[in-house]
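Engineer: what's the 3D shape of this:
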Amino acid sequence: MKLLSAFLDIIFPPRCLVCGRPGPEPMCSECIASVEYSDGVPLYEGAMKEAITRFKFERKRALLNPLSWILITAYNGDGVDLITAVPLFSSRLKERGFNQSELLAERLADHLGVPSDFTLIERVRDTRPQFDLKRHERLSNVSGAFRFSGNDVRGKKILIVDDIMTTGATLSECSKALKEAGAAIVIPLVLSKTPQG
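Structural biologist: Alright, predicted model coming up:
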């Protein structure tokens with residue numbers, strides 16, 4: 001098997017899934033170095049936008065490793081009791097086959113040694129991607145789109161993960177659902193944010 005893999009690497013040398021440069025890593029050091037930050041969060045543009053797009057929509061699952069590493073290094077907060085993620089609507093989850101925010105949150109939970117629970121919040125209606133909308137449309141787009149559906153969270157400190165933040169309206173609605181269920185503190189953590197976010 002190793003011989004076959006080496007042979008295939010000669011014919012089809014591994015390349016960065018973001019820029020196409022030859023190399024063994026799914027996201028090369030040049031692409032990682034080119035990522036721009038604002039207030040400690042990568043901006044959703046350039047190599048970061050390309051990586052997230054290919055991860056989500058082209059199912060380039062190998063990009064989970066570098067993207068989760070970026071998320072892990074961005075988190076420097078205090079300990080939490082539980083980690084969850086912004087849910088996808090059922091039809092979107094079925095179409096894509098995975099929830100990218102959930103996969104990122106799982107990696108973070110494993111790294112921190114904190115339990116995760118992805119049944120806490122349910123997206124009760126489909127919504128358009130926030131970054132496709134004008135600023136005034138974003139709040140109404142996600143208003144009432146989430147509800148609490150999980151186990152007892154009373155008094156708990158919960159970290160909620162999302163891949164892209166625009167205005168923060170989605171995370172705000174999810175946090176509201178958790179707080180109404182009794183969560184003491186809800187901390188949002190995002191992999192990236194749009195430049196206007």
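Engineer: can you tell me the SS state at residue 178?
Structural biologist: helix (DSSP: H, G, I helix; E, B strand; the rest coil).
Engineer: contact partners for the residue most central in space within the chain?
Structural biologist: Among the residues of the chain, the one closest to the centroid is residue 163, at 2.7 Å (Cα atoms, centre = their mean). Residue 163 makes contacts with 52, 56, 100-101, 104, 190-192, as judged by Cβ atoms under 8 Å, 6 or more residues apart in numbering. No exception for glycine: its C-beta is placed from N, CA and C like everyone else's.
Engineer: show me these that map onto helices.
Structural biologist: With helices taken from DSSP state H, the overlap with those comprises 52, 56, 100-101, 104.
Engineer: low-confidence ranges, this protein, go.
Structural biologist: Filtered on pLDDT under 70, the chain yields the residue ranges 1-12, 127-141, 197.
Engineer: try it again with 80
Structural biologist: 1-13, 77-78, 125-144, 196-197 (pLDDT under 80).
Engineer: what about the helices in the protein?
Structural biologist: 2-11, 29-34, 46-57, 64-74, 90-96, 100-112, 135-142, 169-180.
Engineer: to residue 157, which of those helices lies closest?
Structural biologist: When the helices of the chain are ranked by proximity to residue 157, the top entry is helix 169-180, at 10.5 Å, counting by Cβ to Cβ.
Engineer: ok, and what's touching the closest one?
Structural biologist: 84, 86, 120-121, 130, 138-139, 141-148, 153, 158, 160, 162, 165, 186, 188, 190.
Engineer: can I have the buried ones of the residues you listed as a ChimeraX selection?
Structural biologist: The following ChimeraX selection, which keeps only the buried ones among the contacts of helix 169-180, applies the criterion 16 or more other Cβ atoms under 10 Å:
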select :84,86,120,121,130,138,141,142,145,146,148,153,158,160,162,165,186,188,190
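Engineer: restricted to strands, list the contacts of helix 169-180.
Structural biologist: Among the contacts of helix 169-180, the ones falling in strands (DSSP state E) are 84, 121, 146-148, 158, 160, 162, 165, 186, 188, 190.
Engineer: and which of those is nearest residue 47?
Structural biologist: The closest of the ones in strands among the contacts of helix 169-180 to residue 47 turns out to be residue 190 (Cβ to Cβ; 16.9 Å).
Engineer: the closest one contacts residue 159, correct?
Structural biologist: No - between residue 190 and residue 159 there is no contact, the gap being 11.2 Å when judged by Cβ atoms under 8 Å.
Engineer: phi, psi of residue 98?
Structural biologist: Backbone torsions of residue 98, given as degrees, to the nearest 10, read phi -160, psi 160.
Engineer: residue 59 contacts residue 100, doesn't it?
Structural biologist: No - the pair residue 59 / residue 100 is not scored as a contact, 10.1 Å apart, by Cβ under 8 Å.
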